[in-house]
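Colleague: What shape does this take:
(chains A and B)
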Number of protein chains: 2
Amino acid sequence: MPEFNAPLRDMRFVLHEVFQAPSLWARLPALSETIDGDIADAILEEAAKVTGGLLAPLNRSGDEEGARFDNGSVTTPAGFRAAYATYIEGGWVGLAGNPAYGGLGMPKMLAVQFEEMLYAAGSSFALYSALTSGACLAIDAHASEELKQTYLPRLYSGEWAGTMCLTEAHAGSDLGLLRSRAEPQADGSYAISGSKIFITGGEQDLTENIVHLVLARLPDAPAGSRGISLFLVPKFLVNADGSLGARNPVTCGSIEHKMGIKASATCVMNFDGATGWLVGEPNRGLAAMFTMMNYERLSIGIQGIGCAEASYQSAVAYARERLQGRAPAGAVQPQKSADPLIVHPDVRRMLLTIKALTEGGRAFSTWVGQQLDLAKFAVDDAEREHAEALVALLTPVAKAFFTDTGLESCVLGQQVFGGHGYIREWGQEQLVRDVRIAQIYEGTNGIQALDLLGRKVLGNQRASLRLFAAEIRAFVDSPAGTAQPYASELLAAVERLESVSLWLEQQAAANPAEVGAAAVDYLQLFGYVAYAYMWARMASVASLRRADDESFYAGKLATAQFYFRKLLPRIHSLEASIRAGSAPLYGLDDEQF
Amino acid sequence: MPEFNAPLRDMRFVLHEVFQAPSLWARLPALSETIDGDIADAILEEAAKVTGGLLAPLNRSGDEEGARFDNGSVTTPAGFRAAYATYIEGGWVGLAGNPAYGGLGMPKMLAVQFEEMLYAAGSSFALYSALTSGACLAIDAHASEELKQTYLPRLYSGEWAGTMCLTEAHAGSDLGLLRSRAEPQADGSYAISGSKIFITGGEQDLTENIVHLVLARLPDAPAGSRGISLFLVPKFLVNADGSLGARNPVTCGSIEHKMGIKASATCVMNFDGATGWLVGEPNRGLAAMFTMMNYERLSIGIQGIGCAEASYQSAVAYARERLQGRAPAGAVQPQKSADPLIVHPDVRRMLLTIKALTEGGRAFSTWVGQQLDLAKFAVDDAEREHAEALVALLTPVAKAFFTDTGLESCVLGQQVFGGHGYIREWGQEQLVRDVRIAQIYEGTNGIQALDLLGRKVLGNQRASLRLFAAEIRAFVDSPAGTAQPYASELLAAVERLESVSLWLEQQAAANPAEVGAAAVDYLQLFGYVAYAYMWARMASVASLRRADDESFYAGKLATAQFYFRKLLPRIHSLEASIRAGSAPLYGLDDEQF
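Modeller: Okay, the predicted model is just below:
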């Protein structure tokens, strides 16, 4: 069974050395009393124990057993209940939650690293609490004080879990089509009716209550996406004293049989006049839900990194142990029957591709976490607004690029194993199946790409993009930037991104189809440029500190070199495909497909 | 449940129009009496009925049920036995077999199209006979007359099945490590002992006998790959009258639990002094096995195309029916709640990518089939040798590029379905799981790439590559070549391939690691150039005949445009990665991974 050991050295490198989180925390009043470098390290070490020791051993068995459905009830695989009970004792669900309601108030920069460990240990288990954290965010931002008091403490503690109920059978990417209804009741509550599908953790046996955040339409609501409101619908109503009351008529009709994340219950949820409460303003439900969705999008992106890291660890171990063939220039271990796989250049190519993408993603996710922290905690308005703009720009990139490269990485990690990679007991094929969903849910990666190019880049005439480019240029001109060897490659890449963006702005003005035609390639191009920035920052630190820990920093510099020489060139093809425009997509009539 | 309808129109286009197979058949004496255009069409139409009507309906249920193992026996899923019995009645197993022993003697150009249908209808079922066809080839080419008389007729008829037993637990890509032994017996037979893994169809309940082709070592054999011999080992010995005799001590120890192809039994086979007969020369077993392996490699490549075609058909149907969102320039079906998915540029990008890769692969596989037919049937020595050189060059490309693009295609076909793509009942996720093995077995795609670059291109100082390039240049200069608009792109691409090949020859002379470092990127580059040639040939025919069938040919031309504008540019990044050399792979010590 594969082991998982959290990459603590690399996480500390990113947190302390690349982004110098402790000095940021020290200058933010909301965080300065809560956390410092030592506390962060202690939390990550504890997280490594929980994820590696408690959760990772359940991942294979959870996949084999799967979640089971029987007459409205869901049973999680053996060991999940006990592990969940232990897990929530650590306070992990409320790690970054609002301290006013029982959260620990930790920065997102730290939480993203914890989330990576959680997904690496097992995507299915991770999802049972990932949705809770997102639901808490939406409740904290938009619900009434009474709802917050009633629900947040039990959600942060993990005693109760949260879900997000958006999709209906006929309304997936197009939420404007949804039909669930909310009838106002005399007591100020609403009666919610409708059927939702693909509800992660909609029913389970881990928590005593489940709090659904549900999109539905008020009776007088306008059609389309401007007529959608958000409601909080608990599985059990909550009495005034906080005890559980009547069972609300919201029931699980079935669970899906899926490619992967089999231990995560993906539910059909039927609301039959279930009692709910409005969260946020009427008809502004999508906006409120997006508070949660943006958080979930980063989280789901991190699923891609976590799965890739798990695949990488197993692949490296296998490549060191498995003896097949000889090194190109002759035997490296002549006393043995063959050399280990890791001597073969193509095996190294596969491992380095995963390593460069995963470590690039780890840095990027921490950077987005930093911007989320600044957007939330910075005292200065301008600093907050700047961070908010970057968060909006970078979130779709994180979600889609982490998960696209996550699938690529897991496929490569499986390939290193040869035939054994296809066999279930080795665990590599499960990671491919588990990570695949992350490109689909929380908005398909195609939707993320449209969000990035259409709204976040062109929607403000590239203003946010200019912030991103300005930060990279400032880095290149800084002492840190001149301490690394990739300044010209990085500048050329960002100039290329800006040039393509301007060209697309001109094209889109003439033909709105150009945005959708280019979007996925554009997001990929953006991702490779962003990772180039991350790798240049990491290379800078590694260059400056090399003497302190030669093995680690030299490895980091070598991985940076691999990234710039072997992966960044992917932008050439992406740019060519973008500049080919939308015409090649419309040469066929629909019936000619 | 997804349907499969064989793409007969496109197959006829490739066979009759692009490659003008009937005129080739008419000039080859061995084929002129066997087949013509009408017979080919009739065979393909019958094949479409068998694969679409009989086999495709078993694919989902076969995946759910899987092959089952109990105490040495394997039970195939419900329906497989009856379907297999009907299937072999059609003579499909011996379609391209030697008529002297009961084969139908059909050309490979036709057989590859049948194989594509077979894999599209279901990879697991297809494998039960695909291995038989390959085993027949090896027996026909290398076994004694007595063995041929005894085994070939029953194998061609499908009454018996064949396997290939190469891999051992410690010997996968590195067959030189294998340990199975063969002791000569007084009667001229051999006693075979050893354990083999990953044996497709090693045990099953479809045929009354199973004929294993087994690699093992003679007592005096040299170490490594030059000490391996090939043996024929039947499950049941065969009496002189052709009836089945004693059970041979070759038994199935277990079957693997896999990511996909779950209805195909992947067996551990134990040989305990089983009686076998030498096939070919002592210690020349790998060479004999490669007769089979090369055939299987093309076949397994075609698995990639078949799965992609199946995924494409479902994705197109879904994209036409599923209503989500509105077209970029405004509603196309304003009377409905939303437009169909197919109006969205990114959905079209996904569908066109699959279409361009699948149709390019279909043409390429038929071209390789044509060269196999010429290598086998051409009267002129020079023509045979020319074809043999092309077959050797193109086989690793077919195996690896068809399957790499097959996975990409199936992932895209799944993505078109959004969340439903991840649900088992829709069938798209099964295709991803099933096609994934094709990149691994029959020599991983990394091994194929080493074979291409190291042996087939550099091993003869680019002589075979020059044949390939010369054919493309001759096409461009021909009337057909000037009838299509991509001459300059195609010439530029082939020049780039030649230039990179020369550069690699120079690099490899100084550092043998350069071959392995570049190999996978190089094979991809080769594949895109080869598909550009295929698309130019298809575009030429479509341009000349456009008036005859406007819808079909205009669609073909539009897909060619998509290929040249959106997919061929991938060669830019591949070339950049190749020219970065092997140094970025060796910046890390093994322990720094």
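Colleague: Now residue A:302: closest residue in space that isn't a chain neighbour?
Modeller: Leaving aside its sequence neighbours, residue A:302 sits nearest to residue A:115 (Cβ to Cβ, 6 or more residues apart in numbering or on different chains; 4.8 Å). C-beta: built from backbone N, CA, C; applies to glycine.
Colleague: Let me know whether my guess that the one you found is in a helix holds.
Modeller: Yes. Counting by DSSP: H, G, I helix; E, B strand; the rest coil, residue A:115 is located in a helix.
Colleague: Is it correct that it is in contact with residue A:296?
Modeller: No. The criterion here is Cβ atoms under 8 Å, and residue A:115 misses it with residue A:296 at 10.8 Å.
Colleague: So if I had to pick from those two, which one is more boxed in?
Modeller: residue A:115 (29 against 25; other Cβ atoms under 10 Å in any protein chain shown).
Colleague: Check the gap between that one and chain B for me.
Modeller: Plainly put, residue A:115 is 21 Å away from chain B if you go by Cβ to the nearest Cβ, to the nearest Å.
Colleague: what residues are shared contacts of residue A:115 and residue A:296?
Modeller: The contact sets of residue A:115 and residue A:296 overlap at residue A:130 (Cβ atoms under 8 Å, 6 or more residues apart in numbering or on different chains).
Colleague: so which strand or helix has residue A:194?
Modeller: Under the criterion of DSSP states H and E, residue A:194 resides in strand A:190-200.
Colleague: Okay, now stretch A:329-338: how far is its last residue from its first?
Modeller: 13 Å (Cα to Cα, to the nearest Å).
Colleague: Could you give the backbone dihedrals for the spatially most distant residue from the centre of chain A?
Modeller: Computed with Cα atoms, centre = their mean, the residue of chain A farthest from its C-alpha average is residue A:335, at 45.8 Å. Main-chain dihedrals, residue A:335, degrees, to the nearest 10: phi -70, psi -10.
Colleague: Give me the nearest residue to residue A:40, chain neighbours excluded.
Modeller: Nearest non-adjacent residue to residue A:40, counting by Cβ to Cβ, 6+ apart: residue A:110, 5.4 Å away.
Colleague: which ones are touching the one you found?
Modeller: Going by Cβ under 8 Å, 6+ apart, residue A:110 touches A:15, A:21, A:35, A:40, A:43, A:44, A:95, A:96, A:369.
Colleague: I figured the fourth one was touching residue A:19, is that so?
Modeller: No. With contact taken as Cβ under 8 Å, residue A:40 and residue A:19 are classed as non-touching, separated by 11.4 Å.
Colleague: who are the neighbours in contact with the residue farthest from the centre of chain A?
Modeller: So residue A:335 contacts nothing (Cβ under 8 Å, 6+ apart).
Colleague: ok, now the one 4 residues further on?
Modeller: Residue A:339 is in contact with A:323, A:324, A:325, A:326, A:327, A:331, A:332, A:333, counting by Cβ under 8 Å, 6+ apart.
Colleague: so where's chain A shaky on pLDDT?
Modeller: Scanning chain A for pLDDT under 70 picks out the ranges A:1, A:291-292.
Colleague: Please identify the buried residues of the lengthiest strand in chain A?
Modeller: The longest strand of chain A (DSSP state E) is strand A:266-279. Residues of strand A:266-279 classed as buried: A:266, A:267, A:268, A:269, A:270, A:271, A:274, A:275, A:276, A:277, A:278, A:279 (neighbour count, 16 or more other Cβ atoms under 10 Å in any protein chain shown).
Colleague: Flag every residue of the stretch 1-150 of chain A that's near chain B.
Modeller: Within reach of chain B by Cβ under 8 Å from any Cβ of the partner chain, the stretch 1-150 of chain A has no residues at all.
Colleague: and the closest residue to chain B within the stretch 351-500 of chain A, how many neighbours?
Modeller: Nearest residue of the stretch 351-500 of chain A to chain B: residue A:429, at 3.8 Å (Cβ to the nearest Cβ). Here the count is done by other Cβ under 10 Å, and residue A:429 has 27 residues near it.
Colleague: Wait, it touches residue B:259, no?
Modeller: Yes. Under the criterion of Cβ under 8 Å, residue A:429 makes contact with residue B:259 at 3.8 Å.
Colleague: Which neighbours do these two have in common?
Modeller: Each of A:422, A:423, B:436 lies in contact with both residue A:429 and residue B:259 under the rule Cβ under 8 Å, 6+ apart.
Colleague: mind listing what the first one touches?
Modeller: Put plainly, it is residue A:422. Contacts of residue A:422 (Cβ under 8 Å, 6+ apart): A:414, A:429, B:256, B:258, B:259, B:260, B:436, B:437, B:440, B:441.
Colleague: residues from the stretch 351-500 of chain A in reach of chain B?
Modeller: So the stretch 351-500 of chain A meets chain B at A:351-352, A:355, A:407, A:411, A:414-415, A:418-419, A:421-425, A:429, A:432-433, A:436-437, A:439-441, A:444-446, A:449-450 (Cβ under 8 Å from any Cβ).
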